[in-house]
Structure formats: structure tokens, C-alpha cells
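> below are the sequence and a predicted model; questions follow.
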Amino acid sequence: MRITLFSSKPYDRASFVLANQRQGYDLHFLEPRLDIDTAALAEEGEVVCAFVNDDLSAPVLERLHLGGTRLIALRSAGYNHVDLVAAHRLGLPVVRVPAYSPHAVAEHTVALMLALNRRLPRAYNRTREGDFSLHGLTGFDVHGKHVGVVGGGQIGIVFARIMLGFGCKVQVHDPKPSEELRSLGVELCELDRLLAENDIISLHCPLTPDTHHLINRTSLAKMKPGAMLINTGRGALIDTPALIEALKSGHLGNLALDVYEEEAGLFFEDHSERPLQDDVLARLLTFPNVIITAHQAFLTREALAAIASTTLSNVAAWQAGTPSNQV
């Protein structure tokens, strides 16, 4: 069986080739992003393996189905980029990787928090240029701070545990808190209260119609002045232009992003030889109290191995008539 992997990079190829030693599928790696223009490249294959910024809208799904695709295998947990209504109409099952390494994303969140707080990018650049001064590098003790976690799934739980280990007071907002979350010793609270009371707020919720632009001008105004906001979830959880206003006024003290609402076609590629065409992102990058990474929170050896293994297992289960991890 042939599996066509769109948006594949060298690290994807390495992990999938290793995981495929037991399965023996015909893996066809394509670097281009999946969209209406590249969908034809999947012809002659029954399975399309897509990543977070691939286009799985109705026209693309229809083109894939016409070309012989019979399964959409996501190598991600999120599926907000898939038109599930169209997939169902076409009889195209969609499977995903519900959990690969919550530690990878949670630990990257902590790394962003610490780097932002202690101004590590600025300090690193200074010392490389022979500037060993300390002005402008003052941070704060994380110990004892109030930390708000929006989303109490597996990643949110791991992040909350780490913050408890730092000696922080942790509040979590989740509409359906699990027993594992309740047993952590965190305080469960409503979103408005979490926004108002915490020094550090981290987003770990899925992107749904209810969470789209969860952070906007109104919610930013409710946050404690000078608070830090971190998003390693999905870009569209935040109304990005509203961030610029909050940063310019000084109300938002620090910002760290690993995801961006308009990242499709931008992240995962090298654009260093030409001017950045996204004016909003370019403006964000000018702030000294902002750190942006290009959707790399998942990028650990362990996570890549788990993604490849689960994806191929999902294909095998579908082939056997017993689908697993189906959306």
C-alpha cells in the first residue's frame, strides 16, 4: 500500500522509514504542502498523510478522492484543518495521533517561559558581540508566581505538573476536567478569573469554534497588567493584531508563541533571503519582549518516533477493518 506524505521534512523521513521497517508500506515523501494544486501528486496511492498546515478543505478532499485516496492519516493531534463534513460525505475516514509526547510540548513551553523571562536571546547576542552588560536583562523569580493553564488535557496536565514543581500556584480552566486533572492539586476556575489572577498564562486547548480567538482585545484587557502569555497550542486561539495593541500599551508584559494563525505557507520553510511578507508577524518580531518559534514544540526524537509509529499503526488498523484513532 502506498502512503503519500505531504509537507515531509528530513526528520519526518528518518522517523517514518525507521517505523516502517515492521510495516513495509510504500512511503512516498513529498516536501510541498498539500493544497488544491498539489493534490494530484497523491494519485495512485490509497493513503494521504498530512500535517498541521496542509489544506484539507472540501475541494482538496474531493480532488484526493477522485485520485483514489481512501484514507486521510493525520500525523498530528489537531484536526481543525480538515473539513470533516466533506470527508464524511466522500466516505473518507480521518485518523489522527491523539497523543505523541505531551512532555515535548510542555517542556518547550517552559523553555519559552524561561528564555523570555531571563531575556536569554538578548543576553546570548550581547555576549557574542563582547557586550557583557546586564541592563535590560532583569527577570523575575518563577517560584511563587501564579500560573494559569487554559486547557487541562495531557499537555496541560504535564505543564501544570512542571509549574507545581517550580513552586507556583496553578489554576486551570477546562470545561470538562478529568479525574487526573482534579487529582493534581491545582485550582479549577473559570476563564475570566484565570485571566485576571495569573502572572503567566499558557494556552493548551484545542482549536474549536468556541476557542477561536479565545484571546482577543476583551480577554487581553482582563489580564493582569504585565502578565506573560504563551501559546504552544493553535495559532487561531489568539487574535494576533490584538496582541500588538496590548504590547504597545505595555499591558501585556511578555509574549511567547510557537504557533501563529497565518503560519500556513510560512512556517517550516526558509524565507531568510527575502523580506517577510506577513506584516503582522514582522511587527511582532520587533518587540524585545516577544519570542516566536516556528511550530517546533513537537520536535523531539521521542515525539517524532511516536508520531510515525502511531500513524502507521492507524493505517494498518484501517486496512484490517478495525479503524483506530478515527476522528
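That came through, no problem.

> burial of the residue nearest to residue 97 when sequence neighbours are not counted, as a residue count?
Excluding its sequence neighbours, the residue lying closest to residue 97 (C-beta to C-beta, 6 or more residues apart in numbering) is residue 310, at 4.6 Å. Glycine gets a C-beta too; all of them are placed from N, C-alpha and C. Look at residue 310: counted by other C-beta atoms under 10 Å, it has 21 neighbours.

> which SS class is residue 310?
State at residue 310, reduced to three classes by DSSP: H, G, I helix; E, B strand; the rest coil: helix.

> now it: how far from residue 74?
Distance, residue 310 to residue 74, using C-beta to C-beta, to the nearest Å: 10 Å.

> what about the helices in the stretch 201-327 of the chain?
Taking DSSP state H, counting those that start in this stretch, the helices of the stretch 201-327 of the chain run over residues 217-222, 240-249, 279-284, 301-319.

> possible to save these as CSV with mean pLDDT?
As requested, the helices of the stretch 201-327 of the chain are exported to CSV (pLDDT from 0 to 100):
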stretch, mean pLDDT
helix 217-222, 98
helix 240-249, 96
helix 279-284, 96
helix 301-319, 97
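
> show me the contacts for the most centrally placed residue in the chain.
Compute the mean C-alpha point of the chain, and by C-alpha atoms, centre = their mean the closest residue is residue 233, 4.2 Å away. By C-beta atoms under 8 Å, 6 or more residues apart in numbering, the contact list for residue 233 reads 151, 203-207, 259.

> which helix or strand contains residue 12?
helix 10-19 (DSSP states H and E).

> care to break this protein down by domain?
2-100+300-320, 102-292 (the TED database).

> now these in JSON lines, with distance to residue 327?
Shown next, in JSON lines, are those (distance: least, C-beta to C-beta, whole Å):
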{"stretch": "domain 2-100+300-320", "distance to residue 327": "4"}
{"stretch": "domain 102-292", "distance to residue 327": "12"}
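
> winner for burial among the helices of the stretch 201-327 of the chain?
helix 301-319 (a mean of 20; mean count of other C-beta atoms under 10 Å).

> got the angle between that one and helix 10-19?
60 degrees (axes from the mean of the first three to the mean of the last three C-alpha atoms, to 10 degrees).

> may I have helix 301-319 exported as CSV, CA atoms only?
Output in CSV follows, covering the C-alpha atoms of helix 301-319 (Å, rounded to 0.1, in the frame of the first residue of the first chain):
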residue,chain,number,x,y,z
ARG,A,301,13.2,12.4,18.8
GLU,A,302,10.7,10.7,21.1
ALA,A,303,7.7,12.6,19.7
LEU,A,304,8.7,12.0,16.1
ALA,A,305,9.1,8.3,16.7
ALA,A,306,5.6,8.2,18.4
ILE,A,307,4.0,10.1,15.6
ALA,A,308,5.4,7.8,12.9
SER,A,309,4.6,4.6,14.8
THR,A,310,1.0,5.7,15.7
THR,A,311,0.4,6.9,12.1
LEU,A,312,1.5,3.7,10.5
SER,A,313,-0.5,1.7,13.2
ASN,A,314,-3.6,3.7,12.3
VAL,A,315,-3.1,2.8,8.6
ALA,A,316,-2.7,-0.9,9.5
ALA,A,317,-5.8,-0.8,11.7
TRP,A,318,-7.9,0.8,8.9
GLN,A,319,-6.5,-1.7,6.4
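
> thinking again about what came up before, tell me which of the helices of the stretch 201-327 of the chain lies nearest to residue 1.
For the helices of the stretch 201-327 of the chain, proximity to residue 1 was assessed by C-beta to C-beta; helix 301-319 is nearest, at 6.6 Å.

> show me what that closest one is packed up against.
Under the contact criterion of 3 or more C-beta pairs under 8 Å, 6 or more residues apart in numbering; DSSP states H and E, helix 301-319 touches helix 10-19, strand 71-74, strand 94-95, helix 102-117.

> and of these, who's closest to residue 164?
helix 102-117 (12.1 Å).

> mind listing residues that contact the closest one?
Contacts for helix 102-117 (C-beta under 8 Å, 6+ apart): 120-121, 139-140, 142, 153-155, 157-159, 162-163, 200, 202, 204, 228, 230, 232, 254-256, 258, 289-291, 293, 296-300, 302-303.

> before we move on, back to that, give me the common contacts of residue 310 and residue 74.
Common neighbours of residue 310 and residue 74 (C-beta under 8 Å, 6+ apart) are residue 97.

> tell me how far residue 320 lies from residue 313.
10 Å.

> and residue 180, by the same measure?
From residue 180 to residue 313 the distance is 24 Å (C-beta to C-beta).

> what separation is there between the residue of the chain positioned farthest from its centre and residue 138?
In terms of distance from the mean C-alpha position of the chain, residue 130 ranks first, at 35.7 Å (C-alpha atoms, centre = their mean). To residue 138, residue 130 is 21 Å away according to C-beta to C-beta.

> much appreciated, bye for now.
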